[in-house]
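**Q** Sequence plus the predicted model coming up.
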Amino acid sequence: METAYSLAFIQNLNWTEVVVILIVFILLFGAKKLPELARGVGKSIKEFKKATSTIEEDIRTAMDEEPEVKKPIETPQSTESQEKTPSGS
């Protein structure tokens, strides 16, 4: 629940606070770097969503498939049983 409290301040931002934050970003990174940073963040979010949807799809298909019934592995006769048979000596 800590993340819910830590992100709660985002809902209470006024437009003046958003403008101040944007000005700070412009001062820190420069006006030319902001579109580049935004593109990078957008691509990262897109890749993350793609990966999570792929994993969800794999899990759903695995849950929908019927489990394979494995046949018991037949073991060869042990050497002890072969030794017990009469050898004719």
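**A** Ah, there it is. For clarity, every value in this text was computed on a predicted model and none was experimentally measured.
**Q** now for the lengthiest helix in the chain, which elements pack on it?
**A** Taking DSSP state H as the criterion, the chain has its longest helix at helix 33-64. Secondary-structure packing of helix 33-64 (3 or more CB pairs under 8 Å, 6 or more residues apart in numbering; DSSP states H and E): helix 15-29. In short, each C-beta sits where N, CA and C put it, glycine included.
**Q** Residues contacting the helix it packs on, please?
**A** The contact list for helix 15-29 (CB atoms under 8 Å, 6 or more residues apart in numbering) reads 34, 37.
**Q** thinking again about what came up before, report the angle between the longest helix of the chain and helix 15-29.
**A** 100 degrees (axes from the mean of the first three to the mean of the last three CA atoms, to 10 degrees).
**Q** Flag every buried residue along helix 33-64.
**A** Within helix 33-64, no residue counts as buried by 16 or more other CB atoms under 10 Å.
**Q** Done for today, thanks.
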